[in-house]
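[1] Give me a model of this one.
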Amino acid sequence: MKLLFVVPEYPPHYGGGIASFYQNLLPNLAQAQHKITVLVGSAFTSTLPDYQQDGIQVKFLDTDLVNTCLKKFDRYRAIPELQRHLAAVWAAWEQVKGGDGYDLVEVTDWGMLFAPWIISPNSPPTVVQLHASIGQIDFYDPQIDSQLQGNFVRLLEAGLLSCADELQTYSQSNAKAWQQLTNRDVRHIPPSLTLHIARTTQNYHQSDSINGLVVGRIQYWKGVTVLCEALRLLGDRAPNIDWIGRDTVYRDSKSLMSNHLVQNYGDIWRNKILPLGTFSPEITRQYQAQAKFILVPSTWDVFNYTCVEGMAQGKVVLCSEGAGAAGLIRNGINGLTFKANDPQSLATCIETVMSWSASKLDEVGSMAKETINEELAPELIAQKRIEAYKDLINRGKYPVKPNQWLVDAVSPQKKLDKPLAFLDRLPLRELIDYTINRSLKKFLKTMS
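    The predicted structure follows:
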């Protein structure tokens with residue numbers, strides 16, 4: 001088969017969950033003699049040099065084309081992030097000529113990359129891989145200054161995805177969520193995981209750590225406040241926890257999550273939880289291999305690769321039931337689970353793992369590694385996906401198409417003569433006051 005994947009990130013330039021998913025999957029599809037092309041790009045990426053690796057042709061979105069498409073979505077100047085998302089997805093569509101010549105296309109739900117492929121009757125059969133949509137993320141971690149976009153995008157996502165050729169995801173919980181939202185079957189296929197054995201280097205100590213470890217963004221829905229509260233409940237019994245990951249904004253675009261943690265959990269953050277920053281995948285694996293245990297405190301997560309990466313290293317993983325990867329854990333046998341967004345449940349779980357002997361930790365860690373080797377074997381998962389792709393190609397396009405209202409909402413239109421005319425509907429005094437206050441804050445920030 002000739003397969004096209006349109007994704008927002010792909011290694012080695014980016015390293016989030018979507019990149020991990022495709023990094024583990026696509027080389028195995030190529031090894032099975034399928035021709036794989038990847039177009040990488042989103043509303044916020046830069047044009048990078050194309051390359052070929054592992055039999056995969058990797059191309060990058062033309063940012064000049066994105067900027068050209070921006071003018072076709074002037075009607076969304078009041079929601080600039082959505083405007084850029086839609087410009088990017090149509091630029092991607094144009095760059096690959098609507099998938100001409102491909103047997104099948106796979107796109108992600110993040111960034112609304114699916115929009116042109118669902119509304120076009122002439123696109124190849126298309127899989128929408130449900131990783132975590134921008135509407136979903138906003139629902140679980142709402143930002144004060146983007147509520148209009150969050151509500152609008154969720155309506156668009158639910159309407160469009162209900163007409164997709166096929167919906168797939170790699171966690172049972174996410175499949176169930178989208179089945180309820182779209183009234184459609186969602187195919188569940190677990191992700192694959194290629195086992196990478198951590199190698200010690202001069203930059204990292206070789207002795208085992210007595211600390212727990214979290215790998216993930218310092219972000220509300222990654223459960224950082226839940227962990228702070230759980231450790232506070234444990235008091236003097238609380239272990240130290242290393243945290244690898246970058247800082248993010250909290251609630252609005254003006255404050256960082258780490259600042260919120262210092263203000264509200266100063267006794268825990270940077271005292272019991274030690275933020276280490278970010279590292280290369282290799283160094284991160286070394287920390288995972290040396291940690292006493294791995295923590296996944298997410299209030300919600302479609303899957304969470306750090307859970308299965310820790311299990312693959314033979315470590316005991318304490319995973320929130322809010323993360324889809326928790327479905328792989330048999331409590332007390334190959335890991336531990338706790339209730340999502342429940343500090344007391346997490347605190348009890350931490351006490352349990354801290355009470356285990358070294359032999360018990362090794363026993364549970366060995367079972368975890370065996371689980372990953374058996375259930376996420378790359379060759380097995382690649383074959384399941386190949387069968388699913390062939391099934392869709394044989395079935396063809398989904399017969400129900402979006403209504404014209406949905407089509408118009410996400411389609412390019414003629415450039416507006418006055419794209420900021422929506423401001424005329426707002427009271428002038430409010431506009432002036434807001435502009436003055438914004439300018440003053442910006443001036444004070446530059447002076448500080």
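[2] give me the element the closest residue to residue 58 other than its chain neighbours is part of.
    Distances taken as C-beta to C-beta, 6 or more residues apart in numbering place residue 38 nearest to residue 58, at 4.8 Å, with adjacent residues excluded. Heads up, the C-betas are built off the backbone N, CA and C, glycines and all. According to DSSP states H and E, residue 38 maps onto strand 35-40.
[3] Who are the packing partners of that strand?
    Packing contacts for strand 35-40, counted by 3 or more C-beta pairs under 8 Å, 6 or more residues apart in numbering; DSSP states H and E, involve strand 2-7, helix 17-31, strand 56-60.
[4] Let me have the ones you listed in TSV, extended by distance to residue 125.
    Output for those, formatted as TSV (distance: least, C-beta to C-beta, whole Å):
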stretch	distance to residue 125
strand 2-7	11
helix 17-31	16
strand 56-60	20
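[5] helix/strand/coil for the nearest residue to residue 106 once chain neighbours are set aside?
    The shortest distance from residue 106 to any non-neighbouring residue, by C-beta to C-beta, 6+ apart, is to residue 127 (4.4 Å). Using DSSP: H, G, I helix; E, B strand; the rest coil, the structure places residue 127 in strand.
[6] Tally up the residues packed near residue 192, please.
    26 (other C-beta atoms under 10 Å).
[7] next one: the longest helix seen in the chain to chain centre, how far?
    When the chain is parsed with DSSP state H, its longest helix is helix 428-447. Remark: helix 428-447 is offset 34 Å from the chain centroid, using C-alpha atoms, centre = their mean, to the nearest Å.
[8] picking up where we left off before, want to try TSV for the helices and strands packed on strand 35-40, with distance to residue 251, mean neighbour count and mean pLDDT as columns?
    TSV is the format used below for those (distance: least, C-beta to C-beta, whole Å; neighbours: other C-beta atoms under 10 Å; pLDDT from 0 to 100):
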stretch	distance to residue 251	mean neighbour count	mean pLDDT
strand 2-7	29	23	98
helix 17-31	22	21	94
strand 56-60	32	19	96
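[9] For residue 225, find the nearest of these.
    Across the helices and strands packed on strand 35-40, residue 225 has its closest neighbour in helix 17-31 (20.7 Å, C-beta to C-beta).
[10] by contact count, what packs against the closest one?
    Applying 3+ C-beta pairs under 8 Å, 6+ apart, one finds that helix 17-31 contacts strand 2-7, strand 35-40, strand 56-60, helix 305-312, helix 378-395.
[11] Any buried residues in stretch 308-328, and which?
    Neighbour counts over stretch 308-328 (16 or more other C-beta atoms under 10 Å) mark 308-326, 328 as buried.
[12] what do you get for stretch 397-409?
    Residues 397-398, 402, 406, 409 are the ones in stretch 397-409 that count as buried (16+ other C-beta under 10 Å).
[13] Closest one to residue 85 out of those residues, please.
    Looking across these and measuring by C-beta to C-beta, the closest to residue 85 is residue 409, at 12.7 Å.
[14] That closest one is in contact with residue 119, isn't it?
    No - between residue 409 and residue 119 there is no contact under C-beta atoms under 8 Å: 9.7 Å.
[15] Spatially nearest residue to residue 431 (excluding sequence neighbours)?
    Leaving aside its chain neighbours, residue 431 sits nearest to residue 423 (6.6 Å; criterion: C-beta to C-beta, 6+ apart).
[16] and residue 178, how many neighbours?
    25.
[17] again but with residue 224, I slipped
    Other residues near residue 224 come to 30 when the count uses other C-beta under 10 Å.
[18] One more: the one 3 residues further on?
    As a burial measure, residue 227 scores 27 neighbours (other C-beta under 10 Å).
[19] Helix or strand for it, just tell me which one.
    Going by DSSP H and E, residue 227 is part of helix 224-234.
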